[in-house]
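Student: The following comprises the amino acid sequence and a computationally predicted model.
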Amino acid sequence: MSGSQAMETRMKTMFAALVIFIATSPLANAETVMVKYRGPVDTSHFRCDDVTRSSLVKRICYDASKQYMLISLKGTYYHYCDIDGGTVSELMSANSMGRFFNGNIKGQFDCRSGYVPSY
């Protein structure tokens with residue numbers, strides 16, 4: 001292999017590594033969502049899961065370190081403060097996510113009385 005071929009191979013390898021790094025970076029999936037009663041929130045600090053098995057819940061984004069959840073209900077994002085990971089896990093695994101949300105989350109974990117993290 002000539003010197004120029006070796007250089008080309010190294011460049012291709014570096015480019016492929018850069019593409020993989022960017023694709024797996026948390027910022028690759030970053031987006032800003034409009035949250036009702038709050039405004040724009042950058043989701044790069046959250047683990048977000050799209051939901052396809054619920055007619056009400058469309059997406060759940062959770063920041064475990066700040067116990068803060070964003071939830072898309074029929075396309076509108078709402079936020080919940082001081083919500084523990086166990087409750088979020090139960091929501092994710094509930095037979096009826098809408099029923100679980102209405103019975104265990106809605107009206108609780110109010111951000112008007114809880115700590116609202118800044119991002």
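Tutor: Cool, got the structure.
Student: For the helix or strand encompassing residue 99, give the mean pLDDT please.
Tutor: Per DSSP states H and E: residue 99 is located in helix 97-104. Across helix 97-104, pLDDT averages out at 98.
Student: Touching, residue 62 and residue 69? I think so.
Tutor: Yes. With contact defined as Cβ atoms under 8 Å, residue 62 counts as touching residue 69 (4.9 Å). (Glycine included, C-beta is placed from N, CA and C.)
Student: The helix holding residue 99: which residues count as buried?
Tutor: 97, 100-101 (16 or more other Cβ atoms under 10 Å).
Student: cool, and stretch 77-90?
Tutor: Buried residues in stretch 77-90, defined by neighbour count with 16+ other Cβ under 10 Å: 77-83, 87-88.
Student: So the protein: which segments form each domain?
Tutor: Domains of the chain are assigned by automatic domain parsing as 1-29, 31-104.
Student: Single out the most deeply packed of these.
Tutor: Counting by mean count of other Cβ atoms under 10 Å, domain 31-104 has the highest mean neighbour count of the domains of the chain, with a mean of 16.
Student: That's all I had, so thanks and see you.
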